[in-house]
Every structure is written in C-alpha cells, then in structure tokens.
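In: Sequence first, predicted model second:
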Amino acid sequence: MSYSVGQVAGFAGVTVRTLHHYDGLGLLVPSGRSHAGHRRYGDADLDRLQQILFYRELGFPLDEVAALLDDPEADPRAHLRRQYELLTARIEQLQRMAAAVEHVMEAREMGIDLTPEERFEVFGDKDPEQYAEEAERRWGGTELYAESQRRAARYTKDDWRRMQAEVADWTGRYDALMAAGEPPTGERAMDMAEEHRRHISGWFYECSYELHRSLGEMYVADERFKAFYDSTRAGLAEHLKEAITANAARHTRA
C-alpha cells in the first residue's frame, strides 16, 4: 500500500510543502514513485514521519532529528522509549506551568500582587523537589496541592464563574454579618466559617479542620491575604480567623 504526498499531508496534518522540504533534506525520502514520477509513501515512510514529528514537537532541530533517526545503533523501540521519557518530562513541565497560571489567576481575582520571583518561578531552574517542599510548607502538603491541580484542570470557564459567584455571595453575607455585630464565636459566624471550609473542600481539596485553622492563621499573617479580606471590611481577616478557630473547636471537641 502506498500513498500520495497529498494523502500523507492530510494524515499527518502537515503541508505538502513541508513533505517536499523533508525530501529535499534527505530527512524523509519517499520509498517509491508513480509512473508519472510523483512521490509515493509506504508504511515505513509513515513510521519515519511520525518519529520526525514527535521530535519536532519536542523542539529538536531538523539536523538533530536526522542524526537521531539515522543512528545505526538505535532501534524503533529505543526511539519510542526516548520520546516517551521526553514527552513525560514535557507534560510535567506543562503541568507546573498550568499550576503557575492558575496561581496568577487566583491572585488577580483576589487582588494580590505576586512577587517577581513568584511570577517567573515556573520558568527558572529551581529543583522540583524544592518547589514541592515549598508547596508543602505553605499549603499543607503536596497531596493536597496535587489534588487542587487535578480538580482545577477539569474546570470549565463556567465552573470558574460559578466559583467566583459563590465567593462573592459568601463575602457579601459575611460583611453583613460583621455589620450586624456578630462576634466571631457566634453561631452565625461559625456557620459561615464552616461554609468557607466546605467551599475549599468542594472546589480544591479536602480541607480538614486542622488545615482550615492553619489557613485562618495565614489570612492574618500573610499581608496579601489580609489585604484581600480586609478590602471588604476592615478587620474581616482577623474576624474570620477567629471564627474558623471557634468552628474547628466545636467540631473537634471530644
């Protein structure tokens, strides 16, 4: 079975001009010609084209691709193993970049200005293990962080809008609660704190009462989060922290 240059271009999602270019470089020379002299590609040619496109997708220049594919000591399985490893590394990098983009999105929604280091951390040469340790220190453990990323990756634009609407509704009601003079240890305030905890569990990761207490402390200790909550009402961050503490105590009391 052989295929015309137009058919192969359609299969691979490349242009006919690209295939002509590969032929001219000797990178992908069709194994046959028609009676009229037109290029005809066989299954082995398609396999080689697939390998070329894999390496090109990974950013290899054409001369390096040719050297890799023409290495007499390499077999097709070796190429596939190498490509699998490279693609896996690329996926991990893209996941880190997606996490960074999400971080920026959340920070902007909350009016938090990221430091230059935080903005460009994903592009640097930091040790991934150090990054994981920092996430664990700040967010309560890598499993929770990973779970947050897994969930967020599935969210649609409508999901994000719904989440923002829930946050806006909760914030408005908490503001009204404080305006009414409700103490942080009051039932209504603790109920709102519990709603806050369930919002995190529902959207990001399972937020235990112990973890929620830690978050409450962070809302006061981290000036950026404190500014976000206090932008709704002065003292809201401290009020919420105390409500979170009281709510955790009532649910974990022996």
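Out: Thanks, I have it.

In: What segments of the stretch 1-150 of the chain are helices?
Out: Secondary structure of the stretch 1-150 of the chain (DSSP state H, counting those that start in this stretch): helices located at 5-12, 16-25, 43-57, 62-69, 76-109, 116-120, 128-139, 142-154.

In: Select from those helices the stretch with the lowest mean pLDDT.
Out: Comparing mean pLDDT across the helices of the stretch 1-150 of the chain, the lowest value falls on helix 128-139: a mean of 43.

In: Let me know whether residue 251 touches residue 208 as I believe.
Out: No - under the criterion of CB atoms under 8 Å, residue 251 is not in contact with residue 208, lying 10.1 Å apart. All C-beta atoms are positioned from the backbone trio N, CA, C, and that covers glycine.

In: The two: which is more packed in?
Out: Neighbours around residue 251 and residue 208, counted as other CB atoms under 10 Å, are more numerous at residue 208. The numbers are 15 against 12.

In: Please report the distance of that one from residue 169.
Out: Computed with CB to CB, to the nearest Å, the distance linking residue 208 and residue 169 is 24 Å.

In: Could you do residue 53 as well?
Out: Noted for residue 53: a distance of 48 Å to residue 169, by CB to CB.

In: between the two, who's got more neighbours?
Out: Remark: of residue 53 and residue 169, residue 53 carries more neighbours, 15 against 11, as counted by other CB under 10 Å.

In: Could you find the closest non-adjacent residue to the more buried one?
Out: Across the structure, with CB to CB, 6 or more residues apart in numbering as the measure, the residue nearest residue 53 apart from its sequence neighbours is residue 12 (6.4 Å).

In: which residues does residue 242 contact?
Out: Under the criterion of CB atoms under 8 Å, 6 or more residues apart in numbering, the contact partners of residue 242 comprise 184-185, 216.

In: Out of those, who's the most crowded?
Out: Greatest neighbour count in those, by other CB under 10 Å, goes to residue 216: 23 neighbours.

In: List the buried residues in the stretch of helix or strand it belongs to.
Out: Mapping residue 216 onto the secondary structure by DSSP states H and E places it in helix 209-221. Neighbour-count burial for helix 209-221 flags 209, 211-216, 218-220 (criterion: 16 or more other CB atoms under 10 Å).

In: Format those as CSV; extra columns: distance to residue 228 and pLDDT.
Out: Listed next are the buried residues of helix 209-221 as CSV, based on distance: CB to CB, whole Å; pLDDT from 0 to 100:
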residue, distance to residue 228, pLDDT
209, 22, 93
211, 19, 87
212, 17, 91
213, 19, 92
214, 17, 88
215, 13, 88
216, 14, 92
218, 11, 85
219, 8, 87
220, 12, 91
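
In: Return the member of those nearest to residue 80.
Out: Within the buried residues of helix 209-221, proximity to residue 80 (CB to CB) peaks at residue 211, which comes in at 42.4 Å.

In: Fine by me, we can end here.
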